[in-house]
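Asks: My questions concern the predicted model and sequence given below.
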Amino acid sequence: MNILLVGSGGREHALAWKMAQSDLCTKLYCAPGNAGIAAVAENVPDVGAEDIDGIVNFARGHAIDFVVVGPEAPLVDGLADRLKDAGIDVFGPSAAAAQLEGSKGFMKDMCAEFDIPTARYQRFTDLDAAKAFIRELDGKLVIKTDGLAAGKGVIIPTSIEEADEAVAEMLSGEAFGAAGTSVVIEEFLEGEELSFFALSDGKSVVALPTAQDHKRVGDGDTGPNTGGMGAYSPAHLSTPALEQKIMDRIVKPTIDGMASRGTPYTGVLFAGIMIVNGEPYLIEHNVRFGDPECQTLMMRMESDLVELLQACAQGRLAEVAEQVRFSDDVALVVVLAAKGYPGTYEKGSIIGGLEAADAVEGVKVFHAGTAAKDGDVISIGGRVLGVTARGASVAEAQGRAYAAVDKLDWPEGFCRRDIAWRALKAEEEAA
């Protein structure tokens, strides 16, 4: 097949790397792609990930048989619908189904309708009403933009005053633009998070391995939230019994609920889960693979990725469900970001040592915010690289990943040095 992958981040590099290994893939394009993706696919730099007309026109003009959509924004904007209308198979949900991520209020209302366990919440556009609910929760709360905010529209205030200020900034449009002019305020759940992934064709659902992301910018989970500074898979607190609870109480009711509404969900469903006293609660749904969790899943996957994604798109996931296989190894990714991220940062610095890092045993360096210029690889984003390693244990995967990080020559970048610290701490306590 001729396949078009949409996106330019670390998630897309990992997907491209795995898709290129498939016997079903004749020609792989990526719009717009990045410097790393160029090694396994033909980049289409003139077509942006949110250029829906451009993507559809490219697919028609290049005899594309199958489109895989990486990021959420084009899905929310209806890219999958447009491609289906053009007779092209697409992996990713319709705009109606993508509201699960496009509107946090929509997702929470789904939980209420289909009895999916989640934190107590209310939706607001009025500041005074929001302040009243903040006091009802006694300041123990989380504030979220209703719309998409590139993984940054979540604020966990430390006081009622801080919560009032955050909501005022959001509702005014000053903090997150239109995405924040409607907010969800929910009770703060005390527990530990894991990322749960499942494939669906609208009817059948197949669970994928779990992962644990590291959202905060600094070691020890300190500092502001980011799009993700690292992850490992499988999550240390995951058990078969817990995964079954998540499927039965959260994932399957979501898929069945969307189907009953006449908006069947096809694609990958990414459930952000909080484990409270051993019980799972849904924090959020995302309508795409996590970034950087995807990098760890692709490193562990032993199945033909293209075959699985195409089966989802064509409504025949049940036929290939038994072929879903993952290594028992642990995979771990360390994100290197430009200094200043998630605030302001400079672009254009040269990244050296990439070949040496890639040569470390069990390691693959996935590119995110990179571009090629005059024979060099330069940084053009906030999150720039995802140094990913496999190992027989968390400690081995972590050791390999940081050994590769230390081979890089990029003074303008930084990373966390404690990815998977919770897993290692749990192992120490169990020993």
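Replies: Thanks, I have the structure now.

Asks: residues touching the residue nearest to Ile64 when sequence neighbours are not counted, list them.
Replies: Nearest residue to Ile64, sequence neighbours excluded (C-beta to C-beta, 6 or more residues apart in numbering): Leu4, at 4.7 Å. C-beta: built from backbone N, CA, C; applies to glycine. Shown in contact with Leu4 (C-beta atoms under 8 Å, 6 or more residues apart in numbering): Tyr29, Cys30, Ala31, Val44, Ile55, Phe58, Ala59, His62, Ile64, Phe66, Val67, Val68.

Asks: Are we agreed that Leu4 is in a strand?
Replies: Yes - counting by DSSP: H, G, I helix; E, B strand; the rest coil, one finds Leu4 located in a strand.

Asks: can you pull the contacts of Glu279?
Replies: Contacts of Glu279 (C-beta under 8 Å, 6+ apart): Pro117, Lys245.

Asks: Now secondary structure and neighbour count too, for the contacts of Leu4, in a markdown table please.
Replies: Shown next, in a markdown table, are those (DSSP: H, G, I helix; E, B strand; the rest coil; neighbours: other C-beta atoms under 10 Å):
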| residue | secondary structure | neighbour count |
| --- | --- | --- |
| Tyr29 | strand | 22 |
| Cys30 | strand | 29 |
| Ala31 | strand | 26 |
| Val44 | coil | 20 |
| Ile55 | helix | 26 |
| Phe58 | helix | 19 |
| Ala59 | helix | 25 |
| His62 | coil | 13 |
| Ile64 | coil | 22 |
| Phe66 | strand | 23 |
| Val67 | strand | 27 |
| Val68 | strand | 27 |
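
Asks: Let me know the closest of the residues you listed to Ile378.
Replies: Here the nearest of the contacts of Leu4 to Ile378, counting by C-beta to C-beta, is Cys30; it sits at 18.3 Å.

Asks: which residues pair with the closest one across the strands?
Replies: For Cys30, the beta-bridge partners are Leu5, Asn43 (DSSP bridges).

Asks: show me the contacts for it.
Replies: With C-beta under 8 Å, 6+ apart, Cys30 has these contacts: Leu4, Leu5, Val6, Gly7, Ser8, Glu12, Ala16, Ile37, Ala41, Glu42, Asn43, Val44.

Asks: just the buried members of those?
Replies: Leu4, Leu5, Val6, Gly7, Ser8, Glu12, Ala16, Ile37, Ala41, Asn43, Val44 (16 or more other C-beta atoms under 10 Å).

Asks: I'd like to know how many residues surround the residue lying closest to Gly391 once chain neighbours are set aside.
Replies: Leaving out its chain neighbours, the residue that sits closest to Gly391 by C-beta to C-beta, 6+ apart is Ala397, at 3.4 Å. Ala397 is flanked by 28 other residues according to other C-beta atoms under 10 Å.

Asks: And Ala397, how far from Arg60?
Replies: Plainly put, Ala397 is 42 Å away from Arg60 if you go by C-beta to C-beta, to the nearest Å.

Asks: got it, and Phe366?
Replies: From Phe366 to Arg60 the distance is 30 Å (C-beta to C-beta).

Asks: Mind jotting down where the strands sit in the stretch 151-300 of the chain?
Replies: Ranges of strands within the stretch 151-300 of the chain are 154-155, 183-187, 192-201, 205-207, 212-213, 216-218, 222-225, 230-233, 266-276, 279-286, based on DSSP state E, counting those that start in this stretch.

Asks: looking at these, which is buried most?
Replies: strand 230-233 (a mean of 30; mean count of other C-beta atoms under 10 Å).

Asks: By mean pLDDT, flag the weakest helix or strand of the protein.
Replies: strand 154-155 (a mean of 84; mean pLDDT, DSSP states H and E).

Asks: Strand partners (parallel or antiparallel) of it?
Replies: Strand 154-155 is paired, per DSSP bridges, with strand 141-145 (antiparallel).

Asks: Throw the strands of the stretch 151-300 of the chain into CSV and include distance to Glu169, thanks.
Replies: As requested, the strands of the stretch 151-300 of the chain are exported to CSV (distance: least, C-beta to C-beta, whole Å):
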stretch, distance to Glu169
strand 154-155, 9
strand 183-187, 10
strand 192-201, 25
strand 205-207, 39
strand 212-213, 25
strand 216-218, 20
strand 222-225, 14
strand 230-233, 29
strand 266-276, 24
strand 279-286, 21
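
Asks: Identify whichever of these lies nearest to Lys84.
Replies: Closest among those, using C-beta to C-beta: strand 266-276, at 9.9 Å.

Asks: quick one: that closest one to chain centroid distance?
Replies: Counting by C-alpha atoms, centre = their mean, to the nearest Å, strand 266-276 is centred 10 Å from the centre of its parent chain.

Asks: Pairing partners for Val387 in the sheet, please.
Replies: Val334, Val365.

Asks: could you measure it against Glu302, distance?
Replies: 22 Å.

Asks: same deal with Glu396?
Replies: Counting by C-beta to C-beta - Glu396 and Glu302 are separated by 19 Å.

Asks: Show me which of these two is the more surrounded one.
Replies: Using other C-beta under 10 Å as the criterion, Glu396 and Glu302 rank with Glu396 on top: 17 against 9.

Asks: and that one, helix, strand or coil?
Replies: Applying three-state DSSP: Glu396 is helix.

Asks: contacting residues around the residue nearest to it when sequence neighbours are not counted?
Replies: Distance criterion C-beta to C-beta, 6+ apart; nearest residue to Glu396, sequence neighbours excluded, is Val330 at 7.4 Å. Each residue near Val330 by C-beta under 8 Å, 6+ apart is listed here: Tyr232, Ser233, Pro234, Arg390, Gly391, Ala392, Ser393, Val394, Glu396, Ala397.

Asks: Check the spacing between the fifth one and Thr210 real quick.
Replies: Gly391 sits at a distance of 17 Å from Thr210 (criterion: C-beta to C-beta).
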